[in-house]
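J.: the sequence and its predicted three-dimensional model are supplied below.
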Amino acid sequence: MSAPTRRVRTAHLMGTVVSVHVVGDLPAARVDAAVDAFVAELGAMERVFSTFMDDSDISRLRRGEAGLDDLDPRVREVLAACREVELATGGRFSAQWRGGPDPTGYVKGWAVDTAGQEFLAPLLHERGGVAVGVNAGGDLRLWTAADQTWAWRVGIADPTASGTVLATLDVRNGAVATSGTAERGAHIIDPRTGLPATSVRSATVVADTLTTADVWATTGVVAGFDDLAWIADAPARSGIVVAADGRIRRWVGGVEVQREAAGVDALTAVAGPVGFPSAA
C-alpha cells in the first residue's frame, strides 16, 4: 500500500513561520480551502492581538483608546483566560507587560488550537483524511484520525548542542511546546521580579492543547531549574527541563521521574518533544 499524500503550506503569521501539514488522500481543492480558511483566521486573530500593529485591538486597549466593550469580544475572552492561568501558575505567567495587557505568550497557542479545531480537524472526519499537523515556530499542534495508525514523530532539540536531538516521541493527538533561552536568548521575563529568567536553557511540555503546552513551557522557564513545584498543578502529560549547564529534569503526570547531571545521554531516558514533525 502506498503512503498517503502529504501536503504542506507555509505562511508568515504572528511573528513566526507557521506550516500546515495535511496527510491523506483528500481532494486538493478541499485541502486548499481548509488551509486557506485556517491561515485567514490566524491573520484575523493577529490583527486583533498583535502588539506590533498600532491599530490592533490590543494596542488600542494598551493606549487607553478603547475599552473592552469597544473591542473584538475575543479580547475579553483571552484576557479572562490569562488571569486564570496567572493564578494557576502562581504568578509565573502573566499577560501584563509595562503597565498594560499583553497576552502574546497565550495567543499563539490559543489561536492555533481554535482555528485548527474549526478548519483543519474536520478533514479527519472525511474519507481519506489521516492526520493534520501545525508547526508554529517550532511548537506543534497535532491531530490524527481515530481510525488511523498514523503518529507524528517529534524530536527534542538539544539546547546545549545545536543540530542534535536529545530525545524523540511519537504523538497522535496533542501538542508540544518549548520555551527558553536557547534560540532567542534571555527574552522571557519573570513577572514576579521583572528580571530575565535565565536558569533554564529550555523547557518542553506535552499537553492536550497548544494553549496549555505553550503557557506551561513558559512557566517552566520562569520557575527555574530548581523549582518543579508547578508540575503538580500543570494540566499536562509530561515535560523536560534542561538547565543552562545541561542538567536535565523530566516529569510525567505531575511527578518527577528523572534528574540527571550534565552530559548524561538521555536519548532513551527522556521524552518531551519539540521541533519539526515527521511521520512515524
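T.: Happy to help now that I have it. Here the structure is a predicted model, which means the values were calculated and not measured.
J.: wasn't Asp36 part of a helix?
T.: Yes. Counting by DSSP: H, G, I helix; E, B strand; the rest coil, Asp36 is located in a helix.
J.: residues in contact with it?
T.: By CB atoms under 8 Å, 6 or more residues apart in numbering, no residues touch Asp36. To be clear about C-beta, it is placed using only N, CA and C from the backbone, and glycine gets the same treatment.
J.: just confirm Pro159 is within a strand.
T.: No. Read with three-state DSSP, Pro159 is coil and lies in no strand.
J.: mind listing what it touches?
T.: Counted by CB under 8 Å, 6+ apart, Pro159 has contacts Leu166, Gly180, Thr181, Ala182, Arg201, Ser202, Val242.
J.: now with 10 Å, please.
T.: By CB atoms under 10 Å, 6 or more residues apart in numbering, the contact set of Pro159 is 166, 178, 180-183, 200-204, 242-244, 246, 274.
J.: out of these, which are buried?
T.: When these are checked for burial by 16 or more other CB atoms under 10 Å, the buried set is 166, 178, 180-182, 200-204, 242-244, 246, 274.
J.: low-confidence stretches in the stretch 1-150 of the chain?
T.: Within the stretch 1-150 of the chain, the ranges that satisfy pLDDT under 70 run 1-2.
J.: for it, which segments count as strands?
T.: 6-13, 16-24, 96-97, 100-101, 129-136, 139-144 (DSSP state E, counting those that start in this stretch).
J.: go through the ones you listed and name the closest to Ala80.
T.: strand 100-101 (11.1 Å; CB to CB).
J.: that closest one pairs with which strands, and in what direction?
T.: strand 96-97 (antiparallel) (DSSP bridges).
J.: show residues contacting the strand it pairs with.
T.: For strand 96-97, the surrounding residues in contact (CB under 10 Å, 6+ apart) are Thr51, Arg62, Leu79, Cys82, Arg83, Glu86, Asp102, Pro103, Thr104, Gly105, Ile189, Pro191.
J.: what is the nearest of the residues you listed to Gly174?
T.: Closest to Gly174 out of the contacts of strand 96-97 is Gly105 (19.6 Å), distances taken as CB to CB.
J.: for Val23, see how far away the closest one is.
T.: For Gly105, the distance to Val23 (CB to CB, to the nearest Å) stands at 30 Å.
J.: same question, Asp70
T.: Taking CB to CB, one finds Asp70 at 42 Å from Val23.
J.: of the two, who's got more company?
T.: Counted by other CB atoms under 10 Å, Asp70 and Val23 do not tie: Val23 has more neighbours, with 27 against 11.
J.: any idea which of the contacts of Pro159 the model trusts least?
T.: Of all these, Val274 has the smallest pLDDT value, namely 36.
J.: out of the buried ones among the contacts of Pro159, list just those in strands.
T.: Leu166, Thr178, Gly180, Val200, Arg201, Ser202, Ala203, Thr204, Val242, Ala243 (DSSP state E).
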